[in-house]
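Colleague: Here is a sequence with its predicted model. Questions after.
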Amino acid sequence: MKVIRIICILLGAFLVLDTIAVSTLSNFNLGVILPAIIGLPLLLLGAFMHHMTGGFWAFLKWFLLCCYALGAVFLLVMGILMGTASKRADEVDADALIVLGAAVHGDKVTWVLSNRLDTAADYLAAHPDTLCVVSGGQGGGESVTEASAMYSYLVERKGIDPSRILVEDRAESTKENFAFSKALIEQRLGSDASIAFVTTDFHVFRARRVALKTGIDAVGIAAPDVWYIRINNFLRECVGIAVYALRGDI
């Protein structure tokens, strides 16, 4: 039990510190606070476990340990699903490539979004006949649509021919990203065009399931995540997958 106590204390403290550190570097969202929500009870459990020896406290101790064990299994399964959802870019040959949007600051793409666009640019350079759709509407705190910022990045920073890029600037969800982008692709290439998409690695699984629900059999290509928010994004995505599954959206 001493080993379990030490693991609980160390892991709980790490998760709480993660929230504190990331909150100074990233916008506030569920992913930022999730480590602390998980870690603080774990830290307290480890600190006081040796006092929880009888009656209600003993029940609470084993109940919490079982919950955390089941949670660990859930996270492991989610990690396997996310890790195996994407294909390497050199294994994909698509007629059209959809780049899913992410937040922009003012009119500048964020690190997360620039990673997606860099991955897309590399693919487009290797597949000169592939059409590109940049997809994303305008959210709070954004002075332009995500799609327009993405278009500018690909053209000005990456030298992609503007004639190869279609701008879809209305979507406000992943479902709309795919539905609206598919309509643009069909107008240009017809209904038989093969489609791939680029999004951040943790998001490929859920995005592909949403695409299938929208009637699009699209292949996912993973862009790297930003290193210091990997844990936060992973935990948030696990919650997102669970919520989407319960709602029947994937």
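Modeller: Happy to help now that I have it.

Colleague: residues contacting Thr145?
Modeller: Gly136, Gly137, Gln138, Asp169 (C-beta atoms under 8 Å, 6 or more residues apart in numbering). C-beta: built from backbone N, CA, C; applies to glycine.

Colleague: Could you identify the buried members of the residues you listed?
Modeller: Buried members of the contacts of Thr145, scored by 16 or more other C-beta atoms under 10 Å, are Gly136, Gly137, Gln138, Asp169.

Colleague: can you put those residues in a markdown table and add pLDDT?
Modeller: Shown next, in a markdown table, are these (pLDDT from 0 to 100):
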| residue | pLDDT |
| --- | --- |
| Gly136 | 95 |
| Gly137 | 93 |
| Gln138 | 89 |
| Asp169 | 94 |
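
Colleague: Would you convert the contacts of Thr145 into CSV that also reports distance to Asn29 and secondary structure?
Modeller: Compiled in CSV, the contacts of Thr145 are given as follows (distance: C-beta to C-beta, whole Å; DSSP: H, G, I helix; E, B strand; the rest coil):
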residue, distance to Asn29, secondary structure
Gly136, 17, coil
Gly137, 18, coil
Gln138, 18, coil
Asp169, 23, coil
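
Colleague: helices and strands of the protein: which one bottoms out on pLDDT?
Modeller: In the chain, no helix or strand scores lower on mean pLDDT, DSSP states H and E than strand 104-105, which sits at a mean of 88.

Colleague: Sheet-wise, list the partners of that strand with their directions.
Modeller: Its sheet considered, strand 104-105 pairs with strand 108-109 (antiparallel) by DSSP bridges.

Colleague: what element comes up after the partner strand heading to the C-terminus?
Modeller: helix 111-126 (DSSP states H and E).

Colleague: Need the CA coordinates for that next one. PDB is fine.
Modeller: This file holds the C-alpha atoms of helix 111-126, laid out as PDB (Å, rounded to 0.1, in the frame of the first residue of the first chain):
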ATOM      1  CA  TRP A 111       1.000  26.900 -33.000                       C
ATOM      2  CA  VAL A 112      -1.600  24.100 -33.100                       C
ATOM      3  CA  LEU A 113      -3.000  25.300 -36.400                       C
ATOM      4  CA  SER A 114       0.400  26.100 -38.000                       C
ATOM      5  CA  ASN A 115       1.300  22.400 -37.300                       C
ATOM      6  CA  ARG A 116      -1.800  21.300 -39.200                       C
ATOM      7  CA  LEU A 117      -1.000  23.700 -42.100                       C
ATOM      8  CA  ASP A 118       2.700  22.600 -42.300                       C
ATOM      9  CA  THR A 119       1.600  19.000 -42.500                       C
ATOM     10  CA  ALA A 120      -0.900  19.900 -45.200                       C
ATOM     11  CA  ALA A 121       1.600  21.900 -47.100                       C
ATOM     12  CA  ASP A 122       4.100  19.000 -47.100                       C
ATOM     13  CA  TYR A 123       1.300  16.700 -48.400                       C
ATOM     14  CA  LEU A 124       0.300  19.100 -51.100                       C
ATOM     15  CA  ALA A 125       3.900  19.500 -52.200                       C
ATOM     16  CA  ALA A 126       4.200  15.700 -52.600                       C
END
